[in-house]
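K.L.:
Sequence first, predicted model second:
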Number of protein chains: 2
Amino acid sequence: MKLTILGCYSATPRTFTNPTAQALEVKGHLFLIDCGEGTQVQLRRYKVKFSRINHIFISHLHGDHFFGLPGLISTFRLLGREKPLHVYGPKGIKEAITLFLKLGDSWTNYPLIFHELDSKDSELIFEDDTITVKTIPLKHRIYTNGFLFEEKPAPRKLNIDAVEKWKIDRSQYNAIKNGADGIQEDGTIIPNIDLTQDPPKTKSYAFCSDTKYNEDIVPLIQDVDTLYHESTFLESEAHLCEKTKHSTAKQAAQIAKMGNVEKLILGHFSTRYPSIELFKVEAQTVFPNSELADDGKSFEL
Amino acid sequence: MKLTILGCYSATPRTFTNPTAQALEVKGHLFLIDCGEGTQVQLRRYKVKFSRINHIFISHLHGDHFFGLPGLISTFRLLGREKPLHVYGPKGIKEAITLFLKLGDSWTNYPLIFHELDSKDSELIFEDDTITVKTIPLKHRIYTNGFLFEEKPAPRKLNIDAVEKWKIDRSQYNAIKNGADGIQEDGTIIPNIDLTQDPPKTKSYAFCSDTKYNEDIVPLIQDVDTLYHESTFLESEAHLCEKTKHSTAKQAAQIAKMGNVEKLILGHFSTRYPSIELFKVEAQTVFPNSELADDGKSFEL
């Protein structure tokens, strides 16, 4: 998995700070998560091959997570896209985008497929042979979802040394990879576990923005490799969290700790602070493996 | 009048080329003309004090002239704006913006006043003591207007040397400035024209984008000081103009020449060409006083 932060600042786009958008490469997919104004320019700036994007996940319909979407959809049309584009987002997103395209008499010449979300429970919204995507219901001022991206386990790997040692016929190799025991010529059964190796560990990424501090998400993000959790404020501004339904860096770290995640990435920074390093310092008092998102930064997960 | 080009390239925003937006300072107003995606960042980049914008004129509802508007309106709210904001644009613009604000539950806390346009004839859409703004109906793929900004003439200036020479009493000065003749003590009438000087010449600016070549606009832009006319293509791609309803640099120059304007500014360049200088070279074969717009460039008109 490779995560590229296209924008990770809250509220309004500025000359050097961009609103939320992320590109996640996993198992041959290039997923776009949120699409604040200017995302298509950020995709170009950081040389993300955005014609490869087939699935866009929008957490909520505040401008700093969504206002870049009409432009990106239009640009795909101008670039001659033919492949379907799937957009997952809150109910209403279809009407909004459709109205903008209608007013410009600029219908896409590729299939544009909306998957509107309105469940308050976590649900599976995408699945193929290699990966699943589930929603993580968040608590913000409007209906909001985070997203959990999980690789599926690969089949167990054949242990060539073992099958040769136990003289298992080649005709059984595929069955063994899929879990079958081995059978020797004389009928002796060799348990699958002695003939195979564990597949590579699966990876998982949870994106949680925007949200107030909400322990309800802990079971959903339990043991993920990487958690992106918003930290709009520092504890010194914790009093702003209740009204705005945002979190502090410390609160993000508490969720990471409770979820026993491997790594926390902080983002959605308010621009009121002199340095984003302050977010990291605060989070690390609770959860040492905390890192900072920043526009253009990539993480190999 | 001071014109700042915030973006002057066609189609999609790119790392170093921005879609259409212009800031026009005139008589204490700061007008915004068109608002492609990223306009609010361009306003910051070029240090245009955008809290001073009270009137936004949108030519048409294609993304490269309009998709920055929801973000700018939202940012005004986040910055605590209280003053009314007037938006002039094609019918439908109110529904589109209103839907985006509704979905984000982000109503403005300042009055947002839409002036929807649907006339096919030129009409006066703004007027105060010092300036008028009229529409210039254009021919594009969808309903589109250019805009003509005209200063009103100031009162004639009192010629101090003349009134003293003709011994006109001070009590008459204001009346003379407003056009009255002077009356000497013995009743002799001195014509106004001998007592006053012409006021400074008024300035005018016509913005015409997007449009195919259209001689119908010539009477509307006759004798303006500065004409901005789109030139998406060069003559070598003139065959694309009919389908896309755009103009070449040469066509823009022909309109400027027929309109007897003082200066032509070219813009809305396709990014297919290696250098925008080519547009200037082509236009100057027809209209020598042709200049190029470019992102961030300012013109004192």
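P.N.:
All right, it came through fine.

K.L.:
Provide the backbone phi and psi angles at the closest residue to A:Glu300 other than its chain neighbours.
P.N.:
Take A:Glu300 and drop its neighbours on the chain: the residue closest to it by Cβ to Cβ, 6 or more residues apart in numbering or on different chains is A:Lys2, 5.7 Å away. All C-beta atoms are positioned from the backbone trio N, CA, C, and that covers glycine. For A:Lys2, the backbone dihedrals are phi -130, psi 130 (criterion: degrees, to the nearest 10).

K.L.:
The one 10 residues further on too?
P.N.:
Here the main-chain torsion angles of A:Thr12 (degrees, to the nearest 10) amount to phi -100, psi 150.

K.L.:
which residues sit in contact with it?
P.N.:
Residues touching A:Thr12, when contacts are defined by Cβ atoms under 8 Å, 6 or more residues apart in numbering or on different chains, comprise A:19, A:64, B:40, B:71, B:74-75, B:78-79.

K.L.:
The residue nearest to A:Glu300 contacts A:Ser298, correct?
P.N.:
Yes - taking Cβ atoms under 8 Å as the contact criterion, A:Lys2 and A:Ser298 are neighbours in contact, 6.2 Å apart.

K.L.:
can you map out the strands along the stretch 101-250 of chain A?
P.N.:
Using DSSP state E, counting those that start in this stretch, the strands assigned to the stretch 101-250 of chain A run over residues A:112-117, A:124-127, A:131-138, A:144-151, A:157-158, A:182-183, A:189-190, A:196-197, A:204-208, A:226-230.

K.L.:
In a markdown table, list those along with distance to B:Phe269, mean pLDDT and mean neighbour count.
P.N.:
Shown next, in a markdown table, are the strands of the stretch 101-250 of chain A (distance: least, Cβ to Cβ, whole Å; pLDDT from 0 to 100; neighbours: other Cβ atoms under 10 Å in any protein chain shown):
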| stretch | distance to B:Phe269 | mean pLDDT | mean neighbour count |
| --- | --- | --- | --- |
| strand A:112-117 | 29 | 98 | 16 |
| strand A:124-127 | 40 | 98 | 14 |
| strand A:131-138 | 40 | 98 | 20 |
| strand A:144-151 | 39 | 98 | 24 |
| strand A:157-158 | 56 | 92 | 14 |
| strand A:182-183 | 69 | 96 | 19 |
| strand A:189-190 | 71 | 97 | 14 |
| strand A:196-197 | 59 | 95 | 17 |
| strand A:204-208 | 38 | 98 | 26 |
| strand A:226-230 | 39 | 98 | 28 |
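
K.L.:
picking up where we left off before, is the residue nearest to A:Glu300 bridged to anything, and to what?
P.N.:
Using DSSP bridges, the beta-bridge partners of A:Lys2 come out as A:Glu25, A:Glu300.

K.L.:
Could you list the contact residues of chain A toward chain B?
P.N.:
Within chain A, the positions adjacent to chain B are A:11-15, A:37-38, A:40-41, A:44-45, A:61-63, A:66-68, A:70-71, A:74-75, A:78-79, A:90, A:92-93, A:95-96, A:99-100, A:103-106, A:141-142 by Cβ under 8 Å from any Cβ of the partner chain.

K.L.:
what about 6 Å?
P.N.:
A:11-15, A:37-38, A:41, A:44-45, A:61-63, A:67, A:70-71, A:74-75, A:78, A:92, A:96, A:99, A:103-105, A:142 (Cβ under 6 Å from any Cβ of the partner chain).

K.L.:
Just the buried ones from those?
P.N.:
When burial is judged by neighbour count using 16 or more other Cβ atoms under 10 Å in any protein chain shown, the buried members of the residues of chain A next to chain B are A:11-13, A:37-38, A:41, A:44-45, A:61-63, A:67, A:70-71, A:74-75, A:92, A:96, A:99, A:103-104.

K.L.:
so is A:Thr271 in a helix, a strand, or just coil?
P.N.:
coil (DSSP: H, G, I helix; E, B strand; the rest coil).

K.L.:
ugh, wrong one, A:Glu95
P.N.:
When the rule is three-state DSSP, A:Glu95 gets the label helix.

K.L.:
count of neighbours near it?
P.N.:
Burial of A:Glu95 is recorded as 13 neighbouring residues (other Cβ atoms under 10 Å in any protein chain shown).

K.L.:
Just the element for the closest residue in space to it that isn't next to it in sequence, please.
P.N.:
Among residues not flanking A:Glu95 along the chain, B:Leu99 sits closest, at 6.8 Å (Cβ to Cβ, 6+ apart). Secondary structure here is read from DSSP states H and E; on that basis B:Leu99 sits in helix B:93-103.

K.L.:
chain center to that helix, what's the gap?
P.N.:
In terms of Cα atoms, centre = their mean, to the nearest Å, the centre of helix B:93-103 is set 25 Å apart from its chain centre.

K.L.:
for that helix, packing partners?
P.N.:
The elements that helix B:93-103 packs onto, with contact taken as 3 or more Cβ pairs under 6 Å, 6 or more residues apart in numbering or on different chains; DSSP states H and E, are helix A:93-103.

K.L.:
where does the stretch 101-250 of chain A dip in pLDDT?
P.N.:
Low-confidence segments of the stretch 101-250 of chain A, defined by pLDDT under 70, are absent.

K.L.:
Could you report the neighbour count for the residue nearest to A:Asn178 when sequence neighbours are not counted?
P.N.:
Residue nearest to A:Asn178 in three dimensions, not counting chain neighbours: A:Pro155, with 6.0 Å by Cβ to Cβ, 6+ apart. When neighbours are counted by other Cβ under 10 Å, A:Pro155 registers 12.

K.L.:
And for the one 5 residues further on?
P.N.:
The local packing of A:Ile160 (other Cβ under 10 Å) involves 11 other residues.

K.L.:
Starting from chain B, give me the distance back to it.
P.N.:
Taking Cβ to the nearest Cβ, to the nearest Å as the criterion, A:Ile160 is separated from chain B by 49 Å.

K.L.:
do A:Thr130 as well
P.N.:
Separation of A:Thr130 from chain B (Cβ to the nearest Cβ) stands at 32 Å.

K.L.:
Could you pull out the helices in the stretch 151-300 of chain A for me?
P.N.:
Along the stretch 151-300 of chain A, the stretches classed as helices by DSSP state H, counting those that start in this stretch are A:160-165, A:173-177, A:192-195, A:218-221, A:239-244, A:249-258, A:277-284.

K.L.:
highest average neighbour count across the ones you listed?
P.N.:
A comparison of these by mean neighbour count, using mean count of other Cβ atoms under 10 Å in any protein chain shown, puts helix A:249-258 on top with a mean of 24.

K.L.:
list the helices and strands that helix packs on?
P.N.:
Taking 3+ Cβ pairs under 6 Å, 6+ apart as the contact definition, the neighbouring helices and strands of helix A:249-258 are strand A:226-230, strand A:263-267, helix A:277-284.

K.L.:
Recalculate using a threshold of 8 Å.
P.N.:
Using 3 or more Cβ pairs under 8 Å, 6 or more residues apart in numbering or on different chains; DSSP states H and E, the elements in contact with helix A:249-258 are helix A:218-221, strand A:226-230, strand A:263-267, helix A:277-284, strand A:290-292.

K.L.:
Redo those as a markdown table? Include distance to B:Leu220.
P.N.:
Written out in a markdown table, the entries for the helices and strands packed on helix A:249-258 read as follows (distance: least, Cβ to Cβ, whole Å):
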| stretch | distance to B:Leu220 |
| --- | --- |
| helix A:218-221 | 61 |
| strand A:226-230 | 51 |
| strand A:263-267 | 50 |
| helix A:277-284 | 55 |
| strand A:290-292 | 55 |
